[in-house]
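A.B. asks: Pasted the sequence and its predicted model underneath.
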Amino acid sequence: MRRRQREIVLVALVGIIALIVYFAWPGSSTFTVSKETTYATEPLDRQGYVDYVTALDERLGKGIKPEDNANVLICQALGPHPEGATMSPEYYEWLGIVSPPEKGEYLISWRDYLKAHVQKDGKTALAANDETLSNAADWPWTAKEQPELAGWLQQNEKPLALIVQATRRPAYYNPLVPGVSGGGPPLMGALLPTVQKCREFSAALVCRAMLRIAQGKVEEAWQDLLACHRLGRLLSRGGTLIEMLVGIAIERVAHKGDLVFLDHAKLTSKQVLACWEDLQRLPAMATVAEKIDLCERFTLLDTMMFTACHGAAAIEGLSGGRARPFRAAPFAGQIFTRSINWDPALVNANGIIDRSVAALRIPDRRARVQAMAAIDQDLQALKRQVDAAGVIKKTLMGARSRGEMIGNILITLMLPAFNKLQMAAERCEQEQRNLHLAFALAAYKCDHGRYPAKLDELVPKYLQAIPSDLFSDKPPVYRLEDKGYLLYSVGENGVDDDGRGFDAVPRGDDLSVRMPVARPSENNEGIVPK
């Protein structure tokens, strides 16, 4: 009996030693470099991993010369410290330029200008003047009414001139260079210091347009508004979804300025038609599909490659530190991550990206929405499948199954909400349609002394056909009101909210144009004027 017990103890001891050796023995990650797996097949680092930062920057900047790149002039307008920190030398190497000098006439932010020039009651004065800046982009104003704002624009005259010049360039390339801190997947740590600053340039351009409208400088005002449009569209062509969303935001700022311009600039029919022609010549906004197909694909694959190199614990921060998908228990986690074949994960990542891009490029909106909803359902099911996999199941997986499991976790954590991004792009497109109709209506009024009773009266002299509402496939709602009109799309929800948008009370979903334009104070209170 005792001998049997000793044998059992000996076997258990040997088993424990074997497990310790197993846990301590280095694991391995394998993957195949190919179009189907890594997508990019070069350049490779010394360990054989794909350098996705270089691969992406080479694609984004291909064929773009410094003299054609709007971002070169944007950098010169911002200086070497766009958001306080010093830009990496590598960033300027990719641009093909030297860093701007330390001293120069660079953009001075509105708040920094106020801190230097306004001696009132501190934070209260700054908050009040933040609202002043917002309102000054929505309504004509004079230097006498807003001397501080006029002074800010005057001090930024040189950087604004550079920005206007930049918007006339044909290309936009913003290199993605990881931050110096490192510690995570390189592309996820890439900095975009010039992008958010472009919002302030757009605000300054539209504010100056409003000042010039009040001064009767119609052509100068229109050129500022056009520059704002071009800036937004250039930014949308950057590699990232962030650049596209900032571009959409800038485009919307320009839209609002255009409507005030139509309402207050006292244009002739010839001027209206000339401005409308300028709008029609603007380059198109970039699409969500373009961003997903390249930058989002590379970011997902780069994260997988980083995990293959550094281990699963390196990407725990992707879930905000709340979930630890690979460390349910120390030993089980090591068994799970010890040996991984990443090919299934890489193939699945490319597959879901390919499927999403194809869905986003479906011309018919209803079919596109259905295709994207099906993908979203599959992703939710994949997340449930990942969450349901217990520790025992994970430990019994082979190398390929382990790779697929980790890949599925990363896919569910990292893929953005494509539907919401596409909706932002579609709302922007519908606002562009509304804007073109507003110019046609303005031209009609100049010629006839009144707005038409129906949109059909714009055909065929001003429009070949009435553009449909993107969200209803019907003509937009149009009706005369008092001295003007109300024109609107029913918006994403497909419900006629009587022209009420997000800022109205009660809140609606419609995308509207109302003439005459409401004063900023009315907009801030959510009032929809009758």
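C.D. replies: Nice, I can see it.

A.B. asks: Just say helix, strand or coil for the nearest residue to residue 276 once chain neighbours are set aside.
C.D. replies: Leaving out its chain neighbours, the residue that sits closest to residue 276 by Cβ to Cβ, 6 or more residues apart in numbering is residue 439, at 3.9 Å. (Glycine included, C-beta is placed from N, CA and C.) What DSSP: H, G, I helix; E, B strand; the rest coil gives for residue 439 is helix.

A.B. asks: what does residue 273 give?
C.D. replies: Strictly by three-state DSSP, residue 273 counts as helix.

A.B. asks: residues touching it, list them.
C.D. replies: By Cβ atoms under 8 Å, 6 or more residues apart in numbering, the contact set of residue 273 is 439, 443.

A.B. asks: is it true that residue 479 touches residue 496?
C.D. replies: No - with contacts counted by Cβ atoms under 8 Å, residue 479 stays clear of residue 496, the gap being 11.7 Å.

A.B. asks: So which of those two has more stuff around it?
C.D. replies: residue 496 (16 against 11; other Cβ atoms under 10 Å).

A.B. asks: I'd assumed that one was in a strand, is it?
C.D. replies: No - Residue 496 is assigned coil when assessed by three-state DSSP, not a strand.

A.B. asks: Now it. Its backbone dihedrals?
C.D. replies: phi -80, psi 110 (degrees, to the nearest 10).

A.B. asks: what number of residues lie near the residue nearest to it when sequence neighbours are not counted?
C.D. replies: Excluding the flanking residues, the one nearest residue 496 by Cβ to Cβ, 6+ apart is residue 490, at 5.3 Å. Using other Cβ under 10 Å, residue 490 has 22 neighbouring residues.

A.B. asks: What of residue 481?
C.D. replies: 14.

A.B. asks: can you tell me how far it sits from residue 488?
C.D. replies: In this view, residue 481 and residue 488 are 12 Å apart by Cβ to Cβ, to the nearest Å.

A.B. asks: Residue 375 too?
C.D. replies: In terms of Cβ to Cβ, residue 375 sits 30 Å off from residue 488.

A.B. asks: higher neighbour count, the two?
C.D. replies: Higher neighbour count among residue 375 and residue 488: residue 488, with 24 against 18, using other Cβ under 10 Å.

A.B. asks: what residue ranges in the stretch 401-530 of the chain are flagged as low confidence?
C.D. replies: 521-530 (pLDDT under 70).

A.B. asks: Oops, could you answer that again for the stretch 151-300 of the chain instead?
C.D. replies: In the stretch 151-300 of the chain, residues with pLDDT under 70: 180-183.

A.B. asks: Tell me the gap between stretch 488-495 and the middle of its chain.
C.D. replies: Relative to its chain's centre, stretch 488-495 lies at 23 Å (Cα atoms, centre = their mean, to the nearest Å).

A.B. asks: Just the endpoints, please. Distance across it?
C.D. replies: End-to-end distance of stretch 488-495 (Cα to Cα, to the nearest Å): 11 Å.

A.B. asks: what sits up against that stretch?
C.D. replies: 423, 426-427, 430, 433-434, 469-472, 476-477, 496-497, 499, 501, 508-513.

A.B. asks: Could you list which of those residues belong to strands?
C.D. replies: Among these, DSSP state E puts 477, 511, 512, 513 in strands.

A.B. asks: Please convert these to TSV, extending it with neighbour count and distance to residue 113.
C.D. replies: Below are those laid out as TSV (neighbours: other Cβ atoms under 10 Å; distance: Cβ to Cβ, whole Å):
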residue	neighbour count	distance to residue 113
477	18	42
511	26	34
512	21	34
513	24	33
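
A.B. asks: if we take these, which one ends up nearest to residue 207?
C.D. replies: If you rank the ones in strands among the contacts of stretch 488-495 by distance to residue 207 using Cβ to Cβ, residue 513 comes first, at 21.2 Å.
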